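Asks: structure of the sequence below:
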Amino acid sequence: MKFKIRTAVLFLLLLFYLSEWTVTAQNTVAVKTLTFEQALEITNGNSHVLKQNQYLQKEKIQEAKAAKGLYLPKVGISANYLRMSDDLHLDLTGVKNSITPLYEVLGKYGSFSVPDPTPIRQKLLSGLNDVENGDWDRMIQKKEFGLVAATMQWPIYTGGKIAAANKVAEIQKGEADEVARQKQGELMSELTERYFGLCLARQAVMIRQDVLDGMNKHLDDAIKMEKQGMIANADVLHARVFQAQAERELSKAKRNQEIVNQSLLNTLAMEEEITLEPSSRLFYLDTIEPLDYFIKNARQNNPLLQQVNSKKKLVMQNYKVEKSEYFPAIALEGMYNIVDKDLSPYTPDWTVGIGLNWTLFDGAARYRKVKAAALKTDQVEEVEQKAQADIETMINKLYQELNMYREQLIELESSKTFTDEYLRVREKAFHEEMSNATEVVDARLAQSQVRIERLQAMYSYDLALARLLEYAGISSQFLDYQKRLSVKMESYK
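Replies: Residues are numbered from 1 along each chain as shown. Model (predicted):
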């Protein structure tokens with residue numbers, strides 16, 4: 001009996017252990033370590049935005065190939081079945097009535113300068129008989145008939161419409177490429193914001209954890225010193241207040257880390273719930289190229305400016321198309337009768353010819369459309385100048401921000417040294433009863449604030465650099481800046 005009870009207890013304990021292990025396994029979240037370069041590779045492979053633009057590029061390639069087909073003839077099959085109100089007749093009774101008297105008079109009474117006119121008269125009378133018995137009201141087409149024919153149309157001259165259509169297709173293909181480059185640049189900036197944002201969030205959690213640990217230690221010391229009568233209860237209460245505040249700040253930092261982690265998963269287009277651990281560190285550079293370097297690159301490479309330039313080219317092609325309406329359209333045409341039903345035997349089996357269509361007057365509509373197309377060109381010129389000015393202004397702003405963040409980092413480096421020493425001095429004085437709890441708390445908060453500000457300045461520098469390269473049209477060079485020999489990296493731990 002005791003053995004059975006002991007076995008049952010062991011079995012229950014085993015079940016409890018297994019259930020605890022299962023819950024723990026289910027609550028375990030996978031951790032994936034990523035460098036920025038790896039994150040960029042995953043983003044480029046998974047991004048729905050980039051895939052959408054890849055389909056757009058393929059679409060424009062097919063449209064460009066379709067435009068080339070306009071130079072070739074169109075061959076097809078046409079089938080028609082028609083019903084008319086009446087049969088078509090060719091009534092030559094009037095001709096019969098006109099020539100019958102002539103045959104009759106000549107056949108009976110005609111005088112001919114031959115020895116024997118009888119054979120001639122007999123032939124005329126025979127002809128008269130044929131005329132009288134002939135079918136002078138002949139049906140040439142029944143009112144119902146059908147036709148299946150092969151058709152061909154080959155444009156020879158269209159006033160430049162086909163050439164313009166091909167040029168438009170090529171321009172649109174190039175524009176799709178620029179849209180893809182624009183999205184790639186935007187994605188690079190987004191990845192920079194979220195990847196290094198997660199770096200910052202994780203560093204902030206570490207700092208807040210250390211602050212809380214320091215506050216806990218300080219509270220413990222204060223409680224012990226109060227019991228020994230070395231400090232007043234007010235100092236302990238002050239330590240408790242800021243220890244609770246440190247807990248709230250840590251909780252907030254952890255929640256922010258989860259939010260940024262989810263945002264980065266979204267950018268990476270990774271559906272599984274995992275915790276990302278960025279291994280690349282925040283960085284900055286003391287010097288980069290001058291402002292003119294980025295403005296020059298923007299004028300040549302900025303995808304938005306290139307798209308505006310494409311619009312300008314499209315407007316020019318539209319102007320040429322409108323002008324082409326003044327010219328005739330000429331095409332080679334042909335038709336071959338494959339099969340028919342009750343079609344007139346007088347209809348030919350095939351036809352080939354050249355057709356011309358030329359509008360000579362259309363109420364001045366062509367003139368107005370040409371004028372409108374010319375005005376559209378002027379509009380695009382203004383759009384181009386405004387876009388260029390806006391982009392150069394943004395580049396100047398981002399460049400100045402980079403310098404500002406770099407200057408902040410230099411100043412915060414000195415502040416970091418001061419706050420570390422200040423905290424050490426205040427903690428030592430507190431234990432020697434020469435300083436109160438408030439001064440120690442203030443020193444610790446000042447130290448954490450400087451560290452966070454320094455990491456935030458470095459994060460802002462990285463984001464500003466990514467956006468600067470995006471507007472300059474050289475986002476792909478961001479990794480090169482990150483790998484420069486003069487780069488300075490930093491992390492809290």
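Asks: the host helix or strand of T393 packs against which elements?
Replies: Secondary structure from DSSP states H and E places T393 in helix 365-431. Applying 3 or more CB pairs under 8 Å, 6 or more residues apart in numbering; DSSP states H and E, one finds that helix 365-431 contacts helix 161-227, strand 282-284, helix 291-301, helix 303-324, helix 437-472. Placement of C-beta: from N, CA and C, glycine included.
Asks: JSON lines please, covering these and showing mean pLDDT, mean neighbour count and distance to Y103.
Replies: What follows is those, written out as JSON lines (pLDDT from 0 to 100; neighbours: other CB atoms under 10 Å; distance: least, CB to CB, whole Å):
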{"stretch": "helix 161-227", "mean pLDDT": "91", "mean neighbour count": "20", "distance to Y103": "61"}
{"stretch": "strand 282-284", "mean pLDDT": "94", "mean neighbour count": "22", "distance to Y103": "115"}
{"stretch": "helix 291-301", "mean pLDDT": "96", "mean neighbour count": "16", "distance to Y103": "93"}
{"stretch": "helix 303-324", "mean pLDDT": "93", "mean neighbour count": "19", "distance to Y103": "62"}
{"stretch": "helix 437-472", "mean pLDDT": "87", "mean neighbour count": "22", "distance to Y103": "99"}
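Asks: and these: which comes nearest T351?
Replies: helix 161-227 (24.4 Å; CB to CB).
Asks: point me to the helix or strand that includes F327.
Replies: Going by DSSP H and E, F327 is not in any helix or strand.
Asks: and the helices and strands packed on helix 365-431 as TSV, adding distance to L56?
Replies: Shown next, in TSV, are the helices and strands packed on helix 365-431 (distance: least, CB to CB, whole Å):
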stretch	distance to L56
helix 161-227	5
strand 282-284	34
helix 291-301	20
helix 303-324	13
helix 437-472	20
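Asks: out of the ones you listed, the one nearest H238 is which?
Replies: helix 437-472 (4.9 Å).
Asks: the closest one versus helix 365-431: what angle between them?
Replies: Going by axes from the mean of the first three to the mean of the last three CA atoms, to 10 degrees, helix 437-472 is angled at 160 degrees with respect to helix 365-431.
Asks: quick one: contacts for D462?
Replies: D462 sits next to 192, 196, 282-284 when contact means CB atoms under 8 Å, 6 or more residues apart in numbering.
Asks: same question, L198
Replies: L198 neighbours (CB under 8 Å, 6+ apart): 257, 260-261, 264, 276, 278.
Asks: kindly reformat the contacts of D462 as CSV containing distance to Q449.
Replies: Listed next are those as CSV, based on distance: CB to CB, whole Å:
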residue, distance to Q449
T192, 25
F196, 20
L282, 17
F283, 22
Y284, 20
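Asks: those residues: which two are farthest apart?
Replies: Farthest pair in the contacts of D462, by CB to CB: T192 and Y284, 13.1 Å.
Asks: off-centre distance for the helix holding T393?
Replies: 25 Å (CA atoms, centre = their mean, to the nearest Å).
Asks: check stretch 246-259 too.
Replies: Per CA atoms, centre = their mean, the centroid offset for stretch 246-259 relative to its chain is 36 Å.
Asks: quick one: mean pLDDT over it.
Replies: What stretch 246-259 shows for mean pLDDT is 94.
Asks: show me what contacts I207?
Replies: 253, 448, 451-452, 492.
Asks: try it again with 7 Å
Replies: For I207, the contact set (CB atoms under 7 Å, 6 or more residues apart in numbering) comprises 448, 451-452, 492.
Asks: tell me the one of those residues nearest Q203?
Replies: Among the contacts of I207, and counting by CB to CB, the member closest to Q203 is Y492, at 4.5 Å.
Asks: need the nearest residue in space to that closest one, chain neighbours excluded.
Replies: Leaving aside its chain neighbours, Y492 sits nearest to Q203 (4.5 Å; criterion: CB to CB, 6 or more residues apart in numbering).
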